[in-house]
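K.L.:
Structure, please.
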Amino acid sequence: MKFEVQALTVVSTSLIPLLSISLMKHKLLSTLLLKQHTDTTAGHPIVTMNVPKSVSEGSDVQLSCLHELYNTSLYSLKWFHRKDVYSEEREFFRYTPRAKQVKQVFPLQNINVNLYKSMGETVSLDKVSAKASGLYKCEITLTEISHKPWDEKYMTVSAANPLSQHIKETTIMKTYSNNNVANLFELYSRFYYTICIYIHSAPSHSSPAHLAPNL
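P.N.:
Just a heads-up that it's a prediction; the model follows:
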C-alpha cells in the first residue's frame with residue numbers, strides 16, 4: 001500500500017511540468033487569438049446611415065452613409081432597397097471613386113435617383129412614392145480587406161391626402177366673435193362636396209352640397 005502511494009505521488013509530480021507547459025501554450029494561444037481578432041477588427045470603417053424614419057409622398061429625400069476609412073481606401077459604395085426583411089434586396093445606386101464611371105444608377109421601380117445631387121456619402125431621391133417604403137442598405141467595399149461593412153434602416157413613405165391635390169387656394173377666411181377662424185378652399189376637380197366647419201372638435205355649420213367648378 002505504501003508503494004502504491006509513492007508511485008502515485010511520483011506520477012502526480014511528473015505531471016506538473018506537463019500541466020505548466022499546457023497552460024503556457026493555452027495562454028499563448030489565447031493571446032494570439034485575441035491579437036488576431038483585434039487586428040482583423042481594428043481599423044474597419046464605421047458605417048452610420050442617416051435615413052429619415054418617415055417622409056411624405058412626393059417629397060425629395062436625402063440618404064447618407066457616413067464612414068471612417070482609417071488606413072484603408074474606398075473601392076465602392078452601394079445602395080440597396082427591399083420592401084421588407086423577406087424580400088430580395090436590389091441595388092439602385094453605386095459610387096466608385098476610382099472607376100471611369102464614378103456614379104451608376106440601376107433602374108428600380110418607385111425609386112427615382114437624382115444623379116446630379118448624389119455623390120459620395122449621399123444619395124438623393126426625387127418625389128418618393130408610397131411604394132418606396134422599405135429597408136435601405138448602404139454597403140462599402142474596400143481595396144485592402146475583404147470585409148464589407150454595411151448598415152440598413154427602414155423608411156416609411158406616408159401616402160398624401162388624396163383631397164390635398166384638389167385644393168387650389170384659400171379663398172375665404174372668416175373670424176368669429178370668439179376669435180375662431182374658419183378657412184374655405186376652392187377645389188380643382190368636379191365632384192360634389194360639403195364644407196363643414198368645426199369649432200373645438202364640434203361641428204358648428206355645414207353647407208349644402210355643391211358642385212366644384214371645373215377648372
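K.L.:
Check what contacts stretch 103-118 and list those residues.
P.N.:
By Cβ atoms under 8 Å, 6 or more residues apart in numbering, the surrounding residues in contact with stretch 103-118 are 60, 62, 81, 90-96, 119, 123-129, 131-132. (Glycine included, C-beta is placed from N, CA and C.)
K.L.:
for stretch 62-80, same thing?
P.N.:
43-51, 89-99, 117, 120-125, 136-145, 149, 151, 155.
K.L.:
repeat that with 6 Å
P.N.:
43, 45-51, 89, 91-96, 121-124, 136-144 (Cβ atoms under 6 Å, 6 or more residues apart in numbering).
K.L.:
does residue 137 have beta-bridge partners, and which?
P.N.:
Here residue 137 sits in beta bridges with residue 80, residue 152, as judged by DSSP bridges.
K.L.:
How many neighbouring residues does it have?
P.N.:
20 (other Cβ atoms under 10 Å).
K.L.:
repeat for residue 49
P.N.:
Around residue 49 there are 18 residues (other Cβ under 10 Å).
K.L.:
So it is in contact with residue 138, correct?
P.N.:
Yes: in this structure, residue 49 is within contact of residue 138 by Cβ atoms under 6 Å, at 5.4 Å.
K.L.:
between those two, what contacts are shared?
P.N.:
65, 151.
K.L.:
Please report how far residue 116 lies from residue 133.
P.N.:
Distance from residue 116 to residue 133, counting by Cβ to Cβ, to the nearest Å: 25 Å.
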